[in-house]
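> curious how this folds, go ahead:
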Amino acid sequence: MVMKLKKIWFDGSLVDWDDATVHVLTHTLHYGLAAFEGIRCYRCHDGRSAIFRHREHTRRLFDSAKAYLMTIPFTEGDIMDAAKQTIKANGLTEAYIRPIAFIGDGVMGVHPQNNPVRVAVICWEWGAYLGDDGLENGVRVKTSSFSRHHPNIMLTKAKVTGNYVNSILAKIEVTRLGYEEALMLDTQGYVAEGSGENVFSVKDNVLYTPPVTSILPGITRASVITLAKELGYEVREQMITRDELYIADEVFFTGTAAEITPAREIDDRTVGTGRPGPVTKALQKAYFDTIRGKNPAHLDWLDYID
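A predicted model of the protein is given here:
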């Protein structure tokens, strides 16, 4: 549950939380097109707060909008500054940040025509997406009956709201059966990603992850690939079958919300020993050191609030 805070940045200025409202005829509410991002701000080891890979996330927001022919009426710098303003206005030292560009009210019908593109930046406190226990001990995963989008059905490189109806179906399906996360296959039957995360497997100390075809090119995914190579691991981006995950030594999800969350079971098969393995633990340590400013090699990934 998102706890109510003080301020939201909306169309260029900070407004009271309760005043950040839209009309019921907002085009996005009816037709599902909005570009958005999920970003995290962490309190670093030196006491300062920093937004992780802020520029990359903001660039992806604008790329997503461009792919769907939306023009955001602000610059990337405006949106980055808005995130910092909103964090400060709410007195947060750590935050999940949600910038969203959506189509406002005006004409109805599928084509939005000249309806305005409106922009909001919301911040709130959010812990581990798949739970603290999942982060430490791993989650139970089930393959969903719903396939991930084909790139000629939806633009899979864009992070837009409508794409996530597919994720909602998968997540509801598996959680009703008692699992904590969904594994989604592409339309050819190869492993794609989770309902809101990218996926990696480990076999004989080699990391495998699906190529950027039907999946969202995750910023955490890219960070983990870099960190893994720096730790001396080989990383292969290639098509993965479901049964390869069953016999993997380790499997884990990556994402801004999920961070690095291990899978301890997939389709009722125990992954490895049923506990987070050494590669996953090493990458978790490297990742959390990096986001907390303890890794001097990647201080450029941190955008400090002050």
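
> for this protein, what spans make up the helices?
27-31, 54-67, 76-89, 132-137, 164-176, 219-230, 242-246, 278-291 (DSSP state H).

> to Asn198, which of those lies closest?
With respect to Asn198, and counting by CB to CB, the nearest of the helices of the chain is helix 219-230 at 4.1 Å. No exception for glycine: its C-beta is placed from N, CA and C like everyone else's.

> of the helices of the chain, which shows the lowest average pLDDT?
When the helices of the chain are compared by mean pLDDT, helix 132-137 comes last with a mean of 91.

> list the buried residues of it.
134-135 (16 or more other CB atoms under 10 Å).

> mind giving me the packing neighbours of it?
Identification of packing neighbours for helix 132-137 by 3 or more CB pairs under 8 Å, 6 or more residues apart in numbering; DSSP states H and E yields strand 259-266.

> what residues does the strand it packs on touch?
The contact list for strand 259-266 (CB atoms under 8 Å, 6 or more residues apart in numbering) reads 128-130, 134-135, 137-143, 181, 183, 197, 220, 224, 245-246, 250-254, 270-271, 274-277, 280, 283-284, 287-288.

> any weak-confidence spans in the stretch 101-250 of the chain?
For the stretch 101-250 of the chain, applying pLDDT under 70 flags no range at all.

> picking up where we left off before, can I get the helices of the chain in JSON lines with distance to Leu5?
Converted to JSON lines, the helices of the chain look like this (distance: least, CB to CB, whole Å):
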{"stretch": "helix 27-31", "distance to Leu5": "23"}
{"stretch": "helix 54-67", "distance to Leu5": "20"}
{"stretch": "helix 76-89", "distance to Leu5": "8"}
{"stretch": "helix 132-137", "distance to Leu5": "22"}
{"stretch": "helix 164-176", "distance to Leu5": "23"}
{"stretch": "helix 219-230", "distance to Leu5": "25"}
{"stretch": "helix 242-246", "distance to Leu5": "39"}
{"stretch": "helix 278-291", "distance to Leu5": "22"}
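
> of all those, which lies closest to Arg118?
helix 27-31 (8.7 Å).

> so what touches that closest one?
Applying CB under 8 Å, 6+ apart, the contact partners of helix 27-31 are 22, 33-34, 102-108, 110, 112, 115, 161-162.

> repeat the analysis, applying 10 Å as the threshold.
22-24, 33-35, 100-113, 115-118, 160-162 (CB atoms under 10 Å, 6 or more residues apart in numbering).

> which among the contacts of strand 259-266 count as buried?
Buried members of the contacts of strand 259-266, counted by 16+ other CB under 10 Å: 129-130, 134-135, 138-143, 181, 183, 197, 220, 224, 245, 250-254, 271, 276-277, 280, 283-284, 287.

> can you tell which of the helices of the chain is closest to Ser147?
For Ser147, the closest of those is helix 164-176, at 8.3 Å, according to CB to CB.

> run through who's touching that closest one.
Helix 164-176 is contacted by residues 32, 36, 140-149, 153-154, 179-184, 193-197 when judged by CB under 10 Å, 6+ apart.

> rerun that using 8 Å as the cut-off
32, 141-142, 144-146, 148-149, 154, 180-182, 184, 195-196.

> and if you look at stretch 299-306?
Contacts of stretch 299-306 (CB under 8 Å, 6+ apart): 41, 44, 48-55, 80, 84, 87-88, 223, 290-291, 293.

> which ChimeraX command selects the buried ones in the residues you listed?
Buried members of the contacts of stretch 299-306, defined by 16+ other CB under 10 Å, are picked up in ChimeraX with:
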select :41,44,49,50,51,52,53,54,80,84,87,223,290,291,293
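
> out of the contacts of helix 164-176, who's the most crowded?
Highest neighbour count within these, by other CB atoms under 10 Å: Arg148, with 29 neighbours.
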